[in-house]
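A.B. asks: Can you look at this prediction? I've put the sequence above it.
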Amino acid sequence: MSTATLRRPKRKPKATAPLSAAIPAGPVRRFTIAEYEHLVEQGILGERDPYHLLNGEIRLKMPINDPHTSSAMKLERRLFRLTPDEFLIWIEKPISFPGSESQPEPDLAVVVGPENRYDAGKPHADDVCLIIEVADTSLAADRGEMSEIYAGGKVPEYWIVNLADRAVEVYTQPKGGKKPTYRTRTDYAAGQSVPVVLGGKPVGEIAVSDILPGGN
């Protein structure tokens, strides 16, 4: 009589998920403006580090190329010529938007003065008359998330200098709430001029061609 030895079938090894799958998607930790400023004050984030706070997340700022730098410089010069003394030009400096826990650093902004108004703190959304972003690779974000932050803060006027389409998009009539937006958008092409309105009063115009790379 023969006997057979029963052998257990080999089990296939269980598939294991990659380590990255165990890490939860999205931000692990959201920050308030006060917490973000504390990180800067403690030297954990330097004032010159390429970060800013957007919707509670510390984000790496997008790199700036030569056409972007050129356009921003041209805008800066022309804004200085038009801006009355009671306003200040704010260049790549933080502005606080407590409603969205954001502290972006727009390319250019015009804020109410006087200069010593900000000796002990940054401008807040209600200090801002105009924000300008120069957009090439950042166009989608400037039209989307940045527009929502600025509209939510009730910034009365927001410009996007659209380098790809060689135009300036002007957004007005901000609407807050759960889905902030600007109700009105007006596009200005090369050959046209954009009215500059500060504190509800027109102070002059800037020609679109003058602020585009390759323009006058």
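C.D. replies: Yep, it's here.
A.B. asks: going forward, measure contacts between C-alpha atoms and count neighbours the same way
C.D. replies: OK.
A.B. asks: Find the nearest non-adjacent residue to Ser102, please.
C.D. replies: Leu54 (4.4 Å; Cα to Cα, 6 or more residues apart in numbering).
A.B. asks: center of the chain, which residue is that?
C.D. replies: Centroid-nearest residue in the chain: Met146, 4.6 Å away (criterion: Cα atoms, centre = their mean).
A.B. asks: so which strand or helix has that residue?
C.D. replies: Assigned by DSSP states H and E, Met146 belongs to helix 145-152.
A.B. asks: quick one, the next helix or strand after that helix and helix 145-152 angle?
C.D. replies: Using DSSP H and E, the helix or strand that follows helix 145-152 towards the C-terminus is strand 157-162. Taking axes from the mean of the first three to the mean of the last three Cα atoms, to 10 degrees, one finds that strand 157-162 is oriented at 170 degrees with respect to helix 145-152.
A.B. asks: Relative to the whole chain's centre, how far out is strand 157-162?
C.D. replies: Its chain's average C-alpha position is 11 Å from that of strand 157-162, according to Cα atoms, centre = their mean, to the nearest Å.
A.B. asks: Residues contacting that strand, please?
C.D. replies: Strand 157-162 has contacts (Cα atoms under 8 Å, 6 or more residues apart in numbering) with 129-136, 139, 142-143, 147, 150, 167-174.
A.B. asks: Could you pull out the buried residues of stretch 130-137?
C.D. replies: Going by neighbour count (16 or more other Cα atoms under 10 Å), the buried part of stretch 130-137 is Leu130, Ile131, Ile132, Glu133, Val134, Ala135, Asp136, Thr137.
A.B. asks: what's the answer for stretch 72-88, then?
C.D. replies: Ala72, Lys74, Leu75, Glu76, Arg78, Leu79, Thr83, Phe87, Leu88.
A.B. asks: From the chain's centre, how far out is that stretch? Work that out for me.
C.D. replies: 20 Å.
A.B. asks: For it, which outside residues touch it?
C.D. replies: 89, 107-108, 110-115, 134, 203-204, 206, 210-211.
A.B. asks: switch to 10 Å and redo it
C.D. replies: Outside of stretch 72-88, the residues within contact range by Cα atoms under 10 Å, 6 or more residues apart in numbering are 66-67, 69-70, 89-91, 107-115, 127-129, 132-134, 161, 196-199, 202-208, 210-213, 215-216.
A.B. asks: just stretch 175-182 next, same as before
C.D. replies: Against stretch 175-182 from outside (Cα under 10 Å, 6+ apart): 99, 143-145, 147-158, 170-174, 183.
A.B. asks: go on, stretch 112-128?
C.D. replies: Contact partners of stretch 112-128, identified using Cα under 10 Å, 6+ apart, comprise 84-90, 93-99, 103, 109-111, 129-130, 149-157, 198-199.
A.B. asks: could you redo the last one with a cut-off of 7 Å?
C.D. replies: Glu86, Phe87, Leu88, Pro94, Ile95, Ser96, Phe97, Val110, Val111, Gly153, Lys154, Val155 (Cα atoms under 7 Å, 6 or more residues apart in numbering).
A.B. asks: Does the fourth one lie in a helix or a strand, and which?
C.D. replies: So that's Pro94. Using DSSP H and E, no helix or strand contains Pro94.
A.B. asks: Who are the contact partners of it?
C.D. replies: Taking Cα under 7 Å, 6+ apart, we find Pro94 in contact with Gln103, Pro104, Glu105, Lys122.
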